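Student: I'd like to go over a predicted model; first the sequence, then the structure.
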Amino acid sequence: MSDDLKKEFWDRLDDTRAGMLMTKTARAIPMTHYIDEDDRAAVLWFITAKGTDLAQSAEGRAAAQYLIASKDESLWARIDGHVSAVTNPTELDKIWNAIAGAWFEDGKQDPDVQLIRFDLTEAEVWATDGGFKFLYEIGKAQMTGQKPDMGKHGTIRF
C-alpha cells in the first residue's frame, strides 16, 4: 500500500494549496508549498521573508513539520523533514507567481525574499473520499454498529 499511498499523496498534494509549517523555534504559520517537479519524491519549496522566525530557523538545517488538509477533505497529512534557507535563483524563477509577488514590493528581486527548501523524510497520510463520503460512512456506522471506512491511512517514507 505504501507506493499507492505515496502516489495518491503526491497527486492530492498537487491540488492542495497550503498548510501550516513549523520548526522547533518557529511557530506554525500558514504557508503555500511548491512541488519540485524535478525532485517530486522528496522536496517541497516555500517562499518567505528573511526576517521571519521560519527563515531564521532554516538558516541551519532545522527539523520541521508541515500539516495539511485539502480543501475537499480528501487529504490530511503530517509531513516531517528538514528545512534549510537556500539561494537558488533557478528554483525561485520556476515557482514564483502572483501569490508570492503580493508579499514583496520588488518581486523576486526583493532582497527580503528567502527561499526555503523542505526535504521530506516521512509523512503520516490519510487519503479519504472527502466530505460527503465521510458523512455517509458515519451514518452507516451509526446504523450498523461497524466502524466507518475512512479511506487509506499510513506512513510513507521519502
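Tutor: That came through fine. Being a predicted model, the structure only gives us computed values, none of them experimental. Numbering: from 1, shown residues only.
Student: run me through the strand neighbours of the strand ranked longest in the chain, direction for each.
Tutor: As assigned by DSSP state E, the longest strand anywhere in the chain is strand 113-127. The strands that strand 113-127 pairs with in its sheet are strand 43-49 (antiparallel), strand 75-86 (antiparallel), strand 152-157 (antiparallel) (by DSSP bridges).
Student: go through it and flag the buried ones.
Tutor: Within strand 113-127, the residues that qualify as buried by neighbour count (16 or more other C-beta atoms under 10 Å) are 113, 114, 115, 116, 117, 118, 120, 123, 125, 126, 127. C-beta: built from backbone N, CA, C; applies to glycine.
Student: so what's the backbone phi/psi at the closest residue to the first one other than its chain neighbours?
Tutor: Yep, that's residue 113 we're talking about. The shortest distance from residue 113 to any non-neighbouring residue, by C-beta to C-beta, 6 or more residues apart in numbering, is to residue 104 (5.7 Å). Main-chain torsions, residue 104, degrees, to the nearest 10: phi -130, psi 120.
Student: now do the contacts for residue 104.
Tutor: 49, 110, 112, 113 (C-beta atoms under 8 Å, 6 or more residues apart in numbering).
Student: dump the residue contacts of the last one.
Tutor: Same thing as residue 113. Contacts of residue 113 (C-beta under 8 Å, 6+ apart): 47, 49, 50, 92, 104.
Student: out of those residues, flag the one nearest to residue 71.
Tutor: Minimum distance to residue 71 across those is 20.7 Å, recorded for residue 47 (C-beta to C-beta).
Student: that closest one reaches residue 114, doesn't it?
Tutor: Yes. Counting by C-beta atoms under 8 Å, residue 114 is a contact partner of residue 47 at 7.3 Å.
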